[in-house]
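Asks: Here you go, sequence then predicted model.
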There are 2 protein chains.
Amino acid sequence: MFATNNFVDRLMKPTDAELEILHVLWANGPSTVRQVHESLSQSRDIGYTTALKLMQIMHEKGLLSRDAESKSHTYTAAVSEEDTQRGLVDRFVETAFKGSASKLVMQVLGQHKASQQELEEIKQLLNQLNNEHN
Amino acid sequence: MFATNNFVDRLMKPTDAELEILHVLWANGPSTVRQVHESLSQSRDIGYTTALKLMQIMHEKGLLSRDAESKSHTYTAAVSEEDTQRGLVDRFVETAFKGSASKLVMQVLGQHKASQQELEEIKQLLNQLNNEHN
DNA sequence: AAACATATACGAATGATTTCGTAGATGCAA
DNA sequence: TTGCATCTACGAAATCATTCGTATATGTTT
């Protein structure tokens, strides 16, 4: 069953800037500050030391782990994409939709284009949920 | 078709505290600061002047309109629930899911319990979208 | 070893959000 | 009209997020 996960509550809420960095690490795997900075630079203006500072703070917070072997440290996401998004969704449903998850779903489906295949996947998941209901 | 709405971009992003107030006004209609404060007090600790200040700021920002006829002003939401949520969802899909709306939907459906009826509504919407695809 | 490129550490400015205290206005009641 | 309850206005503190400059360390190259 889709039990609500207890330890979700304990998850830190990453800020927007922190999420950007997590997305890079989730996509590219363990990276140096330079690599992350280069990736971020492609989508917006951001100084090298800004990226560095953010990643240092995230390390303090426990969002990233790091290997300080060589001169340039290697950082790794210490939280999974899945768990993080779960926590974010929880908060978002609460603050923006007063807890009504289905309203959120309706809003998203009406608002964003999804491919035929994506729609299929969603339908299958729905059927699954439907069965569990009976 | 479900065109993306231009003027969504121009919508102010309400903060969490501001959203709380908007929810009260959307639910109860035009209200005084006292009424809003009383409503908020039921779910959390908040000073009267805090609510007042927030509503004054929201008025400056154009999120609320107000009628200053009597001694106690009456405030009204100047943005609709629908439009506001559309803007919030846009931002959220972008920052938390890198633009993948369907991933968000899957995450939400797997995570939150929905009633049989809600699932039905969602399915119907899906079928509708499916037809438009062909 | 001296110079250079590149790293980290860290302080601090800035801006936004949230909070509340205090002062002063307003209207009603004694 | 004096006083009391209640309102608005406003200043300002506290916290957090983001940003970057400067100092210092480290490792490589000449």
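Replies: Great, that's in hand.
Asks: near DNA strand D at all, stretch A:81-97?
Replies: No: contact check for stretch A:81-97 against DNA strand D, using Cβ under 7 Å from any atom of the strand: none in range, with a minimum separation of 12.3 Å. In short, each C-beta sits where N, CA and C put it, glycine included.
Asks: element containing residue A:60?
Replies: Using DSSP states H and E, residue A:60 sits in helix A:48-61.
Asks: Which residues does the worst-scoring helix or strand of chain A on mean pLDDT contact?
Replies: Least confident helix or strand, chain A: helix A:116-133 with a mean of 86, by mean pLDDT, DSSP states H and E. The list of residues contacting helix A:116-133 from outside it, by Cβ atoms under 8 Å, 6 or more residues apart in numbering or on different chains, reads A:1, A:114, B:102, B:105-106, B:109-110, B:114, B:116, B:119, B:122-123, B:126, B:129-130, B:133.
Asks: same thing but at 7 Å, please
Replies: Outside helix A:116-133, the residues within contact range by Cβ atoms under 7 Å, 6 or more residues apart in numbering or on different chains are A:1, B:102, B:105-106, B:109-110, B:116, B:119, B:122-123, B:126, B:129-130, B:133.
Asks: How about stretch A:52-64?
Replies: Contacts with stretch A:52-64, where a contact means Cβ under 7 Å, 6+ apart, come from A:12, A:14, A:17-18, A:21, A:33, A:36, A:66, A:75-79.
Asks: check the residues you listed against DNA strand C, which are close?
Replies: Contacts with DNA strand C within the contacts of stretch A:52-64, counted by Cβ under 7 Å from any atom of the strand: residue A:33.
Asks: circling back to that earlier point, now the angle between helix B:116-133 and the least confident helix or strand of chain A, please.
Replies: Interaxial angle of helix A:116-133 relative to helix B:116-133 (axes from the mean of the first three to the mean of the last three Cα atoms, to 10 degrees): 160 degrees.
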